[in-house]
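> need a 3D model of the following:
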Amino acid sequence: MAMPWGSAIYLMKMVWMILKGWISSCLMVANEIARALRTGDIGPLPVG
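Numbers count the residues shown, from 1 in each chain. Here you go, the predicted structure:
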């Protein structure tokens with residue numbers, strides 16, 4: 001059964017808003033980690 005255009009567009013907008021918020025949150029965290037590494041607040045992250 002086909003979905004009406006209005007519902008498809010509404011669903012697409014909701015999914016985009018959720019993805020945009022998630023991406024924004026990830027970028028803010030990455031920016032804070034990079035800032036802390038640059039200023040020396042935290043040392044290099046141990047890997048392994």
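> host element of I42?
Here I42, judged by DSSP states H and E, is contained in no helix and no strand.
> check C26 too.
In the assignment (DSSP H and E), C26 maps to helix 5-39.
> next, the buried residues of that helix.
If you call a residue buried by 16 or more other CB atoms under 10 Å, then helix 5-39 has no buried ones at all. Placement of C-beta: from N, CA and C, glycine included.
> counting by contacts, list what that helix packs against.
Using 3 or more CB pairs under 8 Å, 6 or more residues apart in numbering; DSSP states H and E as the contact test, no helix or strand touches helix 5-39.
> any idea of the mean pLDDT for that helix?
Averaged across helix 5-39, the pLDDT comes to 94.
> chain center to it, what's the gap?
The chain centroid and the centroid of helix 5-39 are separated by 3 Å under CA atoms, centre = their mean, to the nearest Å.
> work out which residue lies at the spatial centre of the protein.
Of all residues in the chain, the one closest to the mean position by CA atoms, centre = their mean is I23, 1.6 Å from it.
> with W16 as the reference, measure out to it.
Distance, I23 to W16, by CB to CB, to the nearest Å: 10 Å.
> now do P46
Separation of P46 from W16 (CB to CB) stands at 37 Å.
> cool, M3 as well?
With distances taken as CB to CB, M3 is found 17 Å from W16.
> distance between stretch 2-19 and the chain's centre?
Chain-centre distance of stretch 2-19: 19 Å, with CA atoms, centre = their mean.
> okay, it in CSV with CA atoms only?
Provided in CSV are the C-alpha atoms of stretch 2-19 (Å, rounded to 0.1, in the frame of the first residue of the first chain):
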residue,chain,number,x,y,z
ALA,A,2,1.4,3.4,-1.0
MET,A,3,2.1,6.1,1.5
PRO,A,4,0.5,9.6,0.8
TRP,A,5,3.0,12.3,-0.2
GLY,A,6,2.2,14.4,2.9
SER,A,7,3.0,11.5,5.2
ALA,A,8,6.2,10.7,3.4
ILE,A,9,7.4,14.3,3.5
TYR,A,10,6.6,14.6,7.2
LEU,A,11,8.4,11.4,8.0
MET,A,12,11.4,12.5,5.9
LYS,A,13,11.5,15.8,7.8
MET,A,14,11.4,14.1,11.2
VAL,A,15,14.2,11.7,10.3
TRP,A,16,16.3,14.6,9.0
MET,A,17,15.8,16.6,12.2
ILE,A,18,16.9,13.5,14.3
LEU,A,19,20.0,12.9,12.1
